[in-house]
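Engineer: next one to model:
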Amino acid sequence: MLGAIHHIVSKPVAYLRDKLSARQFFILSSIFVGLSSGAAAITLKYFVHSIAAFVRSYAVNYEGFVVFAALPLVGILLAVLFVKYALRNNFKKGTAEIVYAIVKKSSILPTQQMYSNMITSALTVGFGGSTGLESPMVTTGAAFGSNFARTYNLSYKDRTILLGCGAAAGIAAAFNAPIAGVLFAVEVILTDVSVTAFVPLIIAAACGALLSKVVVKQGVILAFTLQQPFSSSNVPYYIILGVLAGLMSLYFAEVFGWIEKRIKSVQNVWLRILVGGLSLFVLLILFPPLFGEGYTSIEVLAKLQSDSLIDASILRGFINSEGVLLLFLGALMFLKTVAAAVTLGSGGNGGSFGPSLFVGAYLGYIFSSLVNMTGIAHIPVTNFTLVGMAGILSGVFYAPLTAIFLIAEITSGYELMIPLMIVSALSNTVAHYFEPLSMEAKKLSSMLNLTVENRDKFLLSKLDLSALIETNFSVLGIDEPVQSLIKVISSSNRNTFPVVNPNRELMGIIHMDNIRSIIFSPEKYEKLTVKDLTTKPAATIALHENLDTVLKKFDDTSQWNLPVVDNGKYVGFVSKSSVLTRYRSELLKSV
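Structural biologist: Here you go, the predicted structure:
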């Protein structure tokens with residue numbers, strides 16, 4: 001199907017490229033990518049929303065819901081089968097993979113990612129997996145942008161921006177929030193973005209949001225209406241909520257990562273699916289709002305109808321007071337992280353964007369309800385429910401601007417701008433104080449074998465060490481006579497010579513400056529071998545070492561050339577000047 005669509009569209013697009021200037025065609029490209037990504041996001045939303053609506057219509061009580069609680073096992077199984085047999089286990093997911101592609105793969109994403117994440121996430125979340133759709137939407141949109149740019153031979157810089165356009169349009173369409181889409185692309189995907197990228201990002205996000213507004217019916221998109229205006233007297237409570245959101249974000253990140261890793265450690269894939277599916281079955285019977293994305297329960301909280309959330313739970317007979325109900329909601333808040341991690345760890349596809357909004361809404365609702373129950377003050381529960389979502393989103397993704405404007409846009413106004421700024425900033429500050437990297441940044445750091453908390457290190461991570469290795473150095477054997485060295489010197493334009501053993505393991509190096517007196521003393525030739533003149537290098541570089549530590553070795557040793565080894569075997573040399581030259585080139589490209 002994608003091939004047929006591509007065939008129909010490619011000819012007119014190629015015609016327009018020939019008629020338009022490069023800048024005009026690039027803007028047109030951002031429109032195409034925005035509309036394509038928006039359409040994909042809307043299709044995915046509709047599919048999952050339709051299944052969720054079907055479940056709600058038949059699962060009004062425990063007896064009706066118990067059958068549906070087993071569906072996540074089916075969804076995860078189908079997703080794993082699709083990855084195993086249709087994709088042949090060639091499947092990548094998550095925003096860290098997108099950034100890794102930007103850094104290490106010239107912003108090239110496989111063509112199959114234009115549909116693979118949609119299908120696997122639809123199966124996972126559509127059948128009740130307790131995770132979100134936004135990450136698959138972002139990956140799908142990014143793949144649209146990357147492959148469009150490849151089709152029409154756009155440059156690396158343009159390809160990267162179009163990749164970001166697809167991601168922005170996916171978020172914009174999912175929430176009808178174009179500004180949040182742009183900011184998500186800037187804060188999470190294009191961490192090294194330039195000012196010139198904003199125009200195409202804005203256009204793509206606007207196209208995605210416009211398509212969403214035209215096509216999507218009310219109820220599919222998460223939207224709220226404020227019932228009470230912001231009051232400055234509530235600022236102290238928003239400050240407390242911000243701190244709590246930061247701490248809750250740390251819990252979310254740590255528990256999510258730990259449980260996902262533990263589930264994935266089960267080697268047998270079928271046993272892993274069974275363990276994950278049965279775990280979700282138990283959780284859903286006890287806490288039905290964990291089914292699927294959970295956005296419906298967020299809307300229920302915002303409408304102050306939380307008592308309806310217990311209707312399908314086996315625990316409903318025990319919940320007979322407001323205090324017990326809050327305990328039930330508190331358990332939901334903590335267990336959503338567990339359910340999402342189990343879903344992904346056992347083989348499902350989704351992301352942590354939706355679960356973070358879920359946890360934030362419950363945190364805001366519980367906190368404000370407790371304050372009101374104590375009689376200390378009477379604060380607007382709906383407002384705190386909405387602001388809590390921004391707090392957790394900011395603390396989990398380290399994307400405070402995205403969090404602020406997402407909630408502002410889905411509430412159709414900026415009445416809550418001040419509390420959104422307070423809670424998002426405090427949550428991000430608290431989380432960052434204890435953990436410098438976000439969940440996705442830690443994954444990326446592990447993939448790159450490099451910390452990515454500052455721009456210099458991020459730019460250095462884009463450079464490939466293997467492309468900087470120089471191999472035109474004359475190699476000497478450790479047992480060769482000095483005459484061999486003199487012969488090599490006479491025909492070489494280098495002043496450093498690597499010395500290896502018969503297994504080509506690096507034994508040391510010879511510097512021209514250290515042997516100058518020997519060269520002009522022929523009487524010493526007979527008494528010496530290469531081994532006698534070999535010295536240990538000031539440092540060596542591992543073949544897959546990151547360039548940040550490589551530069552540190554250059555600085556620490558005051559050397560301009562260092563040997564590269566792979567499992568002890570000599571590979572070549574890297575010069576400090578070549579690293580700095582390539583870094584400068586990368587810096588200019590990012591401006």
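
Engineer: what segments of the stretch 351-500 of the chain are helices?
Structural biologist: 353-374, 381-397, 400-410, 417-434, 439-448, 455-461, 482-490 (DSSP state H, counting those that start in this stretch).

Engineer: and those, which is most packed in?
Structural biologist: By mean neighbour count, with neighbours taken as mean count of other CB atoms under 10 Å, helix 381-397 ranks first of the helices of the stretch 351-500 of the chain at a mean of 30. For glycine as for every other residue, the C-beta is placed from the backbone atoms N, C-alpha and C.

Engineer: from the contact counts, what lies against that one?
Structural biologist: For helix 381-397, the packing partners by 3 or more CB pairs under 8 Å, 6 or more residues apart in numbering; DSSP states H and E come out as helix 235-264, helix 295-302, helix 353-374, helix 400-410, helix 417-434, helix 439-448.

Engineer: pLDDT weak spots in the stretch 101-250 of the chain?
Structural biologist: For the stretch 101-250 of the chain, applying pLDDT under 70 flags the ranges 191-195, 217-221.

Engineer: in stretch 73-90, what's buried?
Structural biologist: 73, 75-80, 82-83, 87 (16 or more other CB atoms under 10 Å).

Engineer: distance to residue 151 for the residues you listed - can I get that in a markdown table?
Structural biologist: Shown next, in a markdown table, are the buried residues of stretch 73-90 (distance: CB to CB, whole Å):
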| residue | distance to residue 151 |
| --- | --- |
| 73 | 39 |
| 75 | 33 |
| 76 | 34 |
| 77 | 35 |
| 78 | 31 |
| 79 | 28 |
| 80 | 31 |
| 82 | 25 |
| 83 | 25 |
| 87 | 21 |
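
Engineer: which one of the residues you listed is nearest to residue 315?
Structural biologist: residue 73 (21.4 Å; CB to CB).

Engineer: residues touching the helix or strand where the closest one lies, excluding its own?
Structural biologist: In this structure, residue 73 is located in helix 71-81 according to DSSP states H and E. Residues outside helix 71-81 that contact it (CB atoms under 8 Å, 6 or more residues apart in numbering) are 55, 119-121, 123-130, 269, 273-274, 276-278, 280-281, 284, 291, 343, 346-349.

Engineer: got any ranges where this protein has weak pLDDT?
Structural biologist: Using pLDDT under 70, the chain drops low at 1-11, 15, 56, 58-64, 191-195, 217-221, 448-463, 519-520, 523-527, 584-591.

Engineer: who's in contact with the most centrally placed residue in it?
Structural biologist: The centroid of the chain falls nearest to residue 95 when counting by CA atoms, centre = their mean (2.5 Å). Residue 95 is in contact with 135, 138-139, 167, 188-189, 351, 440, counting by CB under 8 Å, 6+ apart.

Engineer: same thing but 7 Å
Structural biologist: 135, 138, 188-189, 440 (CB atoms under 7 Å, 6 or more residues apart in numbering).

Engineer: and it, how far is that from residue 398?
Structural biologist: For residue 95, the distance to residue 398 equals 12 Å [CB to CB, to the nearest Å].

Engineer: what does residue 555 give?
Structural biologist: Distance from residue 555 to residue 398, by CB to CB: 29 Å.

Engineer: who has more neighbours, those two?
Structural biologist: More neighbours surround residue 398 than the other of residue 555 and residue 398, with 24 against 10 (other CB atoms under 10 Å).

Engineer: follow-up on the earlier one: any chance of the helices and strands packed on helix 381-397 in TSV, with distance to residue 151 too?
Structural biologist: Shown next, in TSV, are those (distance: least, CB to CB, whole Å):
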stretch	distance to residue 151
helix 235-264	35
helix 295-302	35
helix 353-374	29
helix 400-410	29
helix 417-434	38
helix 439-448	27
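
Engineer: so which of the ones you listed comes closest to residue 201?
Structural biologist: That would be, of the helices and strands packed on helix 381-397 and by CB to CB, helix 400-410, which comes in at 12.8 Å.

Engineer: wait, residue 379 sits on residue 233?
Structural biologist: No - using CB atoms under 7 Å, residue 379 makes no contact with residue 233, being 8.8 Å away.

Engineer: quick one, which of the two is more surrounded?
Structural biologist: The residue with more neighbours, out of residue 379 and residue 233, is residue 379; 20 against 9, by other CB under 10 Å.

Engineer: next up, the contacts around the more buried one.
Structural biologist: By CB under 7 Å, 6+ apart, the neighbours of residue 379 are 234, 237, 368, 371-372.

Engineer: phi, psi for it please.
Structural biologist: Residue 379 adopts backbone torsions of phi -110, psi 150, taken as degrees, to the nearest 10.

Engineer: could you measure from it over to residue 364?
Structural biologist: Residue 379 is 10 Å from residue 364, where distance means CB to CB.

Engineer: quick check: neighbours shared by the two?
Structural biologist: Joint contacts of residue 379 and residue 364 (CB under 7 Å, 6+ apart) do not exist.

Engineer: how many residues are close by the closest residue to residue 495 other than its chain neighbours?
Structural biologist: Once flanking residues are discounted, residue 495 sits nearest to residue 512: 3.6 Å by CB to CB, 6 or more residues apart in numbering. Residue crowding around residue 512 was assessed by other CB under 10 Å; the count is 13.
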